[in-house]
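3D, please:
(chains A and B)
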Amino acid sequence: MAVVFDKPHALIDVPLHYCPGCTHGIIHRLVAEVIDELGIEGKTIGIAPVGCSVMAYNYFNCDMIEAAHGRAPAVATGVKRADPENHIVFTYQGDGDLASIGMAETVHAAARNENITVIFINNAIYGMTGGQMAPTSLPGQVTQTSPYGRDPKHCGYPIKVCEMLSELEGPEYLERVTVNNVKNIRAAKKAIKKAFQNQIDGKGFSLVEVVSSCPTNWGMTPQAALKWIDEKMLPYYPLGVYKDRSAEKEAE
Amino acid sequence: MADKVLMKGNEAIAEAAIIAGCRHYFGYPITPQTEVAAYMAKKMPKIGGCFLQAESEIAAINMVYGVSSTGKRVMTSSSSPGISLKGEGLSYLAGSDLPALVVNVQRGGPGLGGIQPSQSDYFQATRGGGHGDYHMIVLAPASVQEMAELTVKGFDLADKYRMTSMILADGTMGQMMEPVSLDFDIKPQPEKPWATTGTKMEREHNIVNSLSLVPEELEMLNMKRYDRYKIVEENETMYEEYMVDDADIVIAAFGIAARVSKNAVNEARKQGIKVGLIRPITLWPFPKAPFEKAAEHAKAFISVELSMGQMIEDVKLATNCKRPVTLCNRVGGMIPSPEQVLKAIIDVNNGGVK
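Prediction:
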């Protein structure tokens, strides 16, 4: 009988540790499908962050490295520069990792147009440590460390990573996607594939921000969390392509 | 004999690293070690290597972590405040059992301190520098020749034991010029089957990682790492002895302090005082054996340091506090003079070496 749906080869067939309803599983699968489709598993090295996806090294079938908190883009820089012709390198980072403790590494890797692929999971909260305020938590958002709601007068505004990086000359490609319905998942996969293809083509720094849900720490059912993405997250974090240098050049 | 060239200590480190097969250098400017970066910036592009100025010390050590994960020789260099920033990375390198060479051309501290020579990062270097139970192999050169030799040796030891080797130099060693022979016997690099270079769909995936959430397993990893450290202690301890055999007073000093002390030893000998010098070349592992042996006949020890007294603790431990150990020091970028050390020797001698 013909198999019409199977686990991607680049994803190891083990149970994931993520909470029920968490979108990490979907995004892992999209990354793995793209690695399969591009036929790059044998030359790919993935960098796991500190955060919920710290153990991503147990899930991807390619070689994996676990980095210090926020340092994945610097580690990826080393791995890529060790053998630029033969290494395909991606980082998989959450919002605390990429946009708070690792902001300098993120910005400078982008500024250098480091030829790597960054998968950035923005769920507006620190998941692993139990739901603290993230650099991307929304104004008014209640978390363990903003129990009365995030007050921008006290602790500032959430950071829009794609918008901010788009001001730099460096990066090749920046797109924000989400995975809260089938249509959006298909668009997310297209973006992730482009971000890897750009690296294969030597175009440089490609970051896909995936607006994600955290039902556990948002205190919602999975369905309500997906709805909250539409209602609260996307108005602050609009989907779209924030930079695509090659496409811009072609248009000129 | 090979020709000698006149080089600064910092340049000797850079050239020796290239000779040792290092093709990746990451760093951030800081005095007094910037010549290492400048040398690499000039040389690396010409030999197919990679010099990259990182956005911070933190980024630099993590770029080192990345290259090392792929099995290639890689280094960074800095000076005291920068090494503090690298502390996190040093701990992760140890936790992931990755080899690397890290150079600390020390300056006076704490805080921003000054830019003149110091040895006040001895505790930081010999006790690991970052969090957790671990060691680095700490090499203390006392000449420009040794800056080069210990760099080559540092790469070999790092690869052999999957550890970080740290060159613990000081501003004097980095800045002074001496003739150097760069004729080294370069050993082939060991195979690194653990490296993350891509599976090529031919093997199981490799993982470079320092996370271990099961206490029994993390305990085992620490125990096994310390078994390896024990082998390093047994096989790789290095030191120089100078006139120790009949000495009543033994000086302990490394790096620039050892050179100053040697002059004082010579002068004291002229005055009829039986004094010798033990110069640790590896600060970790610390050469305990020569101190234990010297404590059998020497009546007192003097630790000469460019710090408020850090190595003196290891001297006391190595001699089991059997003999008095006094400190002769300058700090903050000051260097003890041979006269100061000679005075310390005479004082100890007159104090009636009991």
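
enumerate the residues of chain B near chain A.
Taking CB under 8 Å from any CB of the partner chain as the criterion, chain B approaches chain A at residues B:24, B:26, B:50, B:52, B:54-56, B:58-60, B:62-70, B:72, B:74, B:88-89, B:92, B:96, B:196-202, B:205-211. Every C-beta, even on glycine, is put in place using the N, C-alpha and C of the backbone.

ok, 6 Å please
Where chain B comes near chain A, counting by CB under 6 Å from any CB of the partner chain, the residues are B:50, B:55, B:59, B:62-63, B:65-67, B:69-70, B:72, B:88, B:92, B:196, B:198-201, B:205-209, B:211.

filter these down to the buried ones and express that as a ChimeraX selection.
Only the buried entries of the residues of chain B next to chain A go into this ChimeraX selection, using 16 or more other CB atoms under 10 Å in any protein chain shown:
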select /B:50,55,59,62,63,65,66,67,69,70,72,88,92,196,198,199,205,206,207,208,209
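
closest approach to chain B from the stretch 101-250 of chain A, which residue is it?
Taking CB to the nearest CB, chain B has its nearest neighbour within the stretch 101-250 of chain A at residue A:108, 3.9 Å off.

the stretch 51-200 of chain A too?
Counting by CB to the nearest CB, the stretch 51-200 of chain A gets nearest to chain B through residue A:78 (2.2 Å).

name the nearest residue to that residue, ignoring sequence neighbours.
Taking CB to CB, 6 or more residues apart in numbering or on different chains, and ignoring the residues beside it in sequence, residue A:78 has residue B:66 as its nearest neighbour in space, at 2.2 Å.

what pLDDT, on average, does the helix or strand harbouring that neighbour get?
For residue B:66, the element it lies in under DSSP states H and E is helix B:57-69. Averaging pLDDT along helix B:57-69 gives 98.

okay, stretch B:262-274 in PDB with CA atoms only?
As requested, the backbone C-alpha atoms of stretch B:262-274 are provided in PDB (Å, rounded to 0.1, in the frame of the first residue of the first chain):
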ATOM      1  CA  LYS B 262      66.300  33.800  38.900                       C
ATOM      2  CA  ASN B 263      68.400  36.900  39.000                       C
ATOM      3  CA  ALA B 264      67.800  37.200  42.700                       C
ATOM      4  CA  VAL B 265      68.800  33.500  43.200                       C
ATOM      5  CA  ASN B 266      72.100  34.100  41.400                       C
ATOM      6  CA  GLU B 267      72.800  37.200  43.500                       C
ATOM      7  CA  ALA B 268      71.900  35.400  46.700                       C
ATOM      8  CA  ARG B 269      74.100  32.500  45.800                       C
ATOM      9  CA  LYS B 270      77.000  34.900  45.300                       C
ATOM     10  CA  GLN B 271      76.300  36.000  48.900                       C
ATOM     11  CA  GLY B 272      76.500  32.500  50.100                       C
ATOM     12  CA  ILE B 273      72.800  31.900  50.700                       C
ATOM     13  CA  LYS B 274      71.600  28.500  49.400                       C
END
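
and the lowest mean pLDDT element among the helices and strands of the chain?
Assuming you mean chain A. None of the helices or strands of chain A scores lower by mean pLDDT, DSSP states H and E than helix A:245-251, at a mean of 92.

other chain: chain B
Counting by mean pLDDT, DSSP H and E, chain B has its least confident helix or strand at helix B:171-175, which shows a mean of 93.

CA-only coordinates of it in CSV, if you can.
Once non-C-alpha atoms are left out, helix B:171-175 reads as follows in CSV (Å, rounded to 0.1, in the frame of the first residue of the first chain):
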residue,chain,number,x,y,z
GLY,B,171,51.6,41.9,29.7
THR,B,172,55.4,41.6,29.8
MET,B,173,55.4,38.2,28.0
GLY,B,174,53.0,39.6,25.4
GLN,B,175,54.9,42.8,24.7
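
next SSE after it?
Past helix B:171-175, the next helix or strand by DSSP H and E is strand B:177-181.

now do that next one: distance to the chain's middle.
Chain-centre distance of strand B:177-181: 19 Å, with CA atoms, centre = their mean, to the nearest Å.

pull the CA atoms of it into PDB?
Extracted as PDB, the C-alpha positions of strand B:177-181 are listed here (Å, rounded to 0.1, in the frame of the first residue of the first chain):
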ATOM      1  CA  MET B 177      60.700  40.900  22.000                       C
ATOM      2  CA  GLU B 178      63.100  38.000  22.000                       C
ATOM      3  CA  PRO B 179      64.700  35.700  19.400                       C
ATOM      4  CA  VAL B 180      62.500  32.700  18.700                       C
ATOM      5  CA  SER B 181      63.000  29.400  16.900                       C
END
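
low pLDDT regions in chain B?
When the per-residue scores of chain B are filtered using pLDDT under 70, the ranges that remain are B:1-2, B:352-354.

how does it look with 90?
Applying pLDDT under 90 to chain B flags residues B:1-3, B:128-129, B:351-354.

show me which helix runs longest in it.
As far as residue count goes, and with DSSP state H defining each element, the longest helix of chain B is helix B:215-236.

report how many residues lie close to the residue of the stretch 101-250 of chain A closest to chain B.
Residues contacting residue A:108 under the criterion other CB atoms under 10 Å in any protein chain shown number 19.

repeat for residue A:85
Counted by other CB under 10 Å, the residues lying close to residue A:85 total 6.

and it, what element?
Secondary structure (DSSP H and E) places residue A:85 outside all helices and strands.

strands along the stretch 51-200 of chain A, start to end?
Using DSSP state E, counting those that start in this stretch, the strands of the stretch 51-200 of chain A run over residues A:63-66, A:88-94, A:117-122, A:173-178.

got the buried residues for stretch B:171-187?
Within stretch B:171-187, the residues that count as buried by 16+ other CB under 10 Å are B:171-176, B:178, B:180, B:182.

same check, this time on stretch A:77-90
For stretch A:77-90, burial by neighbour count (16+ other CB under 10 Å) applies to A:77-83, A:87-90.

who's in contact with the helix holding residue B:66?
Residues from elsewhere that reach helix B:57-69, judged by CB atoms under 6 Å, 6 or more residues apart in numbering or on different chains: A:65, A:71, A:74-75, A:77-79, A:82, A:105, B:24, B:26-28, B:54, B:74, B:76, B:78, B:82, B:85-86, B:89, B:98-100, B:196, B:208.

again, but for stretch B:173-193
Residues outside stretch B:173-193 that contact it (CB under 6 Å, 6+ apart): B:2, B:4-10, B:12, B:19, B:32-33, B:71, B:105, B:141, B:144-145, B:147-148, B:152, B:156, B:159.

restricted to strands, list those.
Taking DSSP state E as the definition of strands, those contribute B:4-8, B:105.

now, of the residues you listed, which are buried?
Judged by neighbour count, with buriedness set by 16+ other CB under 10 Å, the buried members of the ones in strands among the contacts of stretch B:173-193 are B:7-8, B:105.

between the residues you listed, which is nearest residue A:227?
Nearest to residue A:227 among these: residue B:105, at 57.8 Å, using CB to CB.

just to check, that closest one is in contact with residue B:35?
No - Residue B:105 lies out of contact with residue B:35 (CB atoms under 6 Å); the separation is 9.1 Å.
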